[in-house]
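Enquirer: Give me a model of this one.
(one chain, ligands or ions: 2)
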Amino acid sequence: MRFNPFNPQLPARPDFFVGREPEIITFEKYLVQTMHNSPMSLSVTGNRGMGKTSLLMKFEQVAKENSCLVVRLSNYESNIKDIIDLCDFIALNIKSEILSKKKLERLGEWVKAFKPTLGWNDFTLTLEKKQVAQELFRQKLTKLWKESKPDFKAIVLLIDEAESLEKVPGALTFLREVFQRISSEANYMVVLAGKLNFPEKMSESFSPLNRFFPAQKLRSLSQQEMKEYLKRKLNPENLDITDEAVNYLVGKSEGHPYVFVAMCYLLFDSLNDEDSLIDSNLIERSALKIKSHLAKDFFSPMFHPLSKKAKEILIAICTNSKKNEFTLKEATKWSKETSSYLSPYILELLKRGILNKPERATYCIFHTLFLEYVLEVKDD
Ligand SMILES: Nc1ncnc2c1ncn2[C@@H]1O[C@H](COP(=O)(O)OP(=O)(O)OP(=O)(O)O)[C@@H](O)[C@H]1O
Ligand SMILES: [Mg+2]
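Expert: Ligands and ions are numbered 1, 2, ... in the order given. As a prediction, this is how the structure comes out:
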């Protein structure tokens with residue numbers, strides 16, 4: 001078996017990471033502020049597979065190079081039902097990271113003895129109780145900062161899949177309040193990453209959440225970045241690629257990181273052992289495989305959970321929209337529905353990342369290959 005240098009299931013390793021310079025520069029600026037006792041936080045938002053986790057790993061590398069303690073949180077959806085769970089989860093993870101960095105052997109012991117912040121049963125968060133929780137959490141965070149201070153310049157909390165925190169009532173506002181209030185005594189920087197909804201609400205773009213976690217919206221990779229990525233991946237494998245094949249990958253993927261890496265993986269997968277060239281022949285041979293894998297792994301899980309009506313509307317849009325871009329007025333014509341009837345379904349499609357809204361009143365389907373997929377499954 002030949003080793004495939006591409007892996008769409010894993011976030012990019014920092015040495016194969018390309019692009020995102022503006023986001024990295026912003027992160028570096030905010031990090032310097034934080035290290036100099038003037039903490040700043042931010043958020044990273046992007047649709048599925050746009051490279052959020054990869055970017056967090058890059059941030060982690062940068063922060064560690066700057067002598068910061070980094071705590072990356074993810075996969076907590078089932079563990080966090082409320083704000084108290086969130087406080088405990090964050091404090092526990094920071095403490096574990098401090099202990100592991102100090103190479104103390106008492107880690108296991110400490111984790112076992114960890115007591116939740118408050119006994120929690122059916123404790124509803126009245127304003128008063130929320131203030132108690134805030135106060136206790138702040139004390140705990142301040143204590144953790146004091147412990148870290150001799151060894152680290154800041155504590156960077158990278159919270160991935162933060163869209164699940166948006167579903168916990170009041171959680172993001174709570175985080176903002178806590179980290180804003182301790183900013184004068186502790187150097188914490190918080191980075192939220194996910195398919196976040198709060199930055200999307202135009203009318204609230206100056207809301208406290210948007211100001212405290214200014215959103216960096218991830219865009220498609222550029223041609224140059226994709227070419228750089230291919231070079232870095234293929235050179236060590238002694239593989240060549242024709243310009244035609246590069247243009248095919250760059251064009252068809254439209255710069256969507258997951259689609260791009262998945263296509264590279266599947267192309268490589270179709271190479272024979274003795275082959276050392278990726279060319280149009282190979283592309284032809286693997287076209288069907290690429291199509292069916294993207295349908296199964298990426299497009300179908302986005303399409304099938306949609307409501308029946310949203311599917312019908314999406315199909316009407318895909319059938320009629322020639323250039324992948326359309327206005328609300330066109331959508332009403334194609335679906336034969338009024339705009340007020342359509343609005344909630346358009347919102348559903350936006351929330352799921354199937355539609356993007358590049359400008360006011362203009363929408364586009366997130367990927368042409370997805371549009372083609374919809375046209376193929378519409379009669380099933
Ligand atoms: N800047 C980048 N450089 C190189 N490869 C990247 C970059 N960003 C993303 N990728 C690749 O794209 C794929 C998806 O990236 P990643 O998992 O980071 O996306 P995500 O936004 O976290 O996805 P999800 O929404 O599923 O959590 C991975 O295979 C990753 O290697
Ligand atoms: Mg991710």
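
Enquirer: Please give me every residue in contact with the most centrally placed residue in the chain.
Expert: Using CA atoms, centre = their mean, the residue of the chain that lies closest to the mean C-alpha position is Lys52, 3.3 Å off. Residues near Lys52 by CB atoms under 8 Å, 6 or more residues apart in numbering: Val44, Thr45, Gly46, Asp160, Ala193, Gly194, Leu218. All C-beta spots, glycine's among them, are computed from the backbone N, C-alpha and C.

Enquirer: what's the answer for Ile365, then?
Expert: Ile317, Cys318, Ser321, Asn324, Ile354, Leu355, Asn356, Leu371.

Enquirer: what ranges do the strands span in the stretch 51-200 of the chain?
Expert: Here the stretch 51-200 of the chain has its strands, by DSSP state E, counting those that start in this stretch, at 69-73, 155-159, 188-194.

Enquirer: Would you pull up how far the second one lies from the middle of the chain?
Expert: What it means is strand 155-159. Chain-centre distance of strand 155-159: 15 Å, with CA atoms, centre = their mean, to the nearest Å.

Enquirer: do it and ligand 1 meet?
Expert: No. Judged by CB under 6 Å from any ligand atom, strand 155-159 stays clear of ligand 1, getting no closer than 11.8 Å.

Enquirer: Next, the angle strand 188-194 makes with that strand.
Expert: Interaxial angle of strand 155-159 relative to strand 188-194 (axes from the mean of the first three to the mean of the last three CA atoms, to 10 degrees): 10 degrees.

Enquirer: Who does strand 155-159 pair with, and is each partner parallel or antiparallel?
Expert: strand 69-73 (parallel), strand 188-194 (parallel) (DSSP bridges).

Enquirer: so does that strand get close to ligand 2?
Expert: No. With CB under 5 Å from the ion as the criterion, ligand 2 is not reached by strand 155-159; the gap is at least 11.4 Å.

Enquirer: Okay, buried residues for that strand please.
Expert: Ile155, Val156, Leu157, Leu158, Ile159 (16 or more other CB atoms under 10 Å).

Enquirer: Make CSV from the contacts of Lys52 and add neighbour count, distance to Phe16 and pLDDT to it.
Expert: Compiled in CSV, the contacts of Lys52 are given as follows (neighbours: other CB atoms under 10 Å; distance: CB to CB, whole Å; pLDDT from 0 to 100):
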residue, neighbour count, distance to Phe16, pLDDT
Val44, 29, 19, 97
Thr45, 22, 23, 94
Gly46, 21, 19, 94
Asp160, 22, 19, 95
Ala193, 27, 19, 96
Gly194, 20, 23, 94
Leu218, 20, 17, 96
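
Enquirer: Throw the residues you listed into JSON lines and include distance to ligand 1, thanks.
Expert: JSON lines is the format used below for the contacts of Lys52 (distance: CB to the nearest ligand atom, whole Å):
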{"residue": "Val44", "distance to ligand 1": "9"}
{"residue": "Thr45", "distance to ligand 1": "10"}
{"residue": "Gly46", "distance to ligand 1": "5"}
{"residue": "Asp160", "distance to ligand 1": "7"}
{"residue": "Ala193", "distance to ligand 1": "7"}
{"residue": "Gly194", "distance to ligand 1": "8"}
{"residue": "Leu218", "distance to ligand 1": "7"}
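
Enquirer: Alright, calling it a day.
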